[in-house]
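> coordinates only, no sequence provided:
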């Protein structure tokens, strides 16, 4: 799956491609390729609200000015919000193009394309935070450009830039409560952008079950939003909890 993700990622960076790549379902049906199942639950990775708000305030204060450091802090701030409120992976957020944003602002739905890890396109409801940051950024992006990738850099370098920033600063925002909630086999999972996808899924599950849907029904809805379309994957993002509190 990682190899396929890398191939699809590089394919998405090629302009004016002639062919589309097969998704996982087509690979299995047409070429009999067997893909391993999602790993077993390895604990919860969600951030606490205090950790999220503290980190968000930190990068917001750093994002003042036009320096490279300030620009990266602004990117981190916005990618955090896209991960937590729309469930986007860091690469999906960083690869966001102007044309995708224009469509999302018109329709209220964001279309994730082949930058997705499994290569399967999906639609995600546009959050209010996502809408605000897209409107703020799009005026500075030329036609054919991307919201977070600088003119002189490759998308993978931009992803590495925001990931390094988080790795270098996250320890100061970890709380005792957060470390305990992310504990697995004696080790606490660190704060990551992927952890914010856990937050998104847990919140969406709570939203759907509050409407009267069962856990199974809610998981069927949410799994499509995050690009898996498998109910058992949602159990992983719930950190092994059988119910959403």
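Sure, I can see it. Every value quoted in this text rests on a predicted model; they were computed, and no experiment measured them.

> and the residue nearest to residue 170 when sequence neighbours are not counted, how far from residue 126?
Excluding the flanking residues, the one nearest residue 170 by C-beta to C-beta, 6 or more residues apart in numbering is residue 191, at 4.2 Å. C-beta: built from backbone N, CA, C; applies to glycine. Separation of residue 191 from residue 126 (C-beta to C-beta, to the nearest Å) stands at 25 Å.

> who has more neighbours, those two?
Ranked by neighbour count (other C-beta atoms under 10 Å), residue 191 and residue 126 place residue 191 first, with 26 against 18.

> next one: the more buried one from residue 115, what distance?
Applying C-beta to C-beta, the value for residue 191 to residue 115 is 23 Å.

> which residue ranges of the protein form strands?
109-112, 122-125, 183-184, 187-188 (DSSP state E).

> of all those strands, which one is nearest residue 131?
The closest of the strands of the chain to residue 131 is strand 109-112. By C-beta to C-beta, the value is 9.5 Å.

> where exactly do the helices run in the chain?
For the chain, the helices defined by DSSP state H cover 2-12, 24-31, 49-62, 68-86, 90-94, 98-107, 128-138, 155-169, 176-181, 193-210, 215-225, 231-237.

> what does the third one rub up against?
If I follow you right, that is helix 49-62. Under the criterion C-beta atoms under 8 Å, 6 or more residues apart in numbering, residues 47, 69-70, 73-74, 76-77, 80-81, 84, 169-170, 173-175, 177-178, 191, 196, 199 lie in contact with helix 49-62.

> can you say which of those residues are buried?
Listed as buried from the contacts of helix 49-62 are 47, 73-74, 76-77, 80-81, 84, 169-170, 173-174, 178, 191, 196, 199; burial here means 16 or more other C-beta atoms under 10 Å.

> residues touching residue 173, list them.
Applying C-beta under 8 Å, 6+ apart to residue 173 gives the contacts 51, 54, 55, 58, 191.

> for residue 77, same thing?
So residue 77 contacts 56, 59, 60, 63 (C-beta under 8 Å, 6+ apart).
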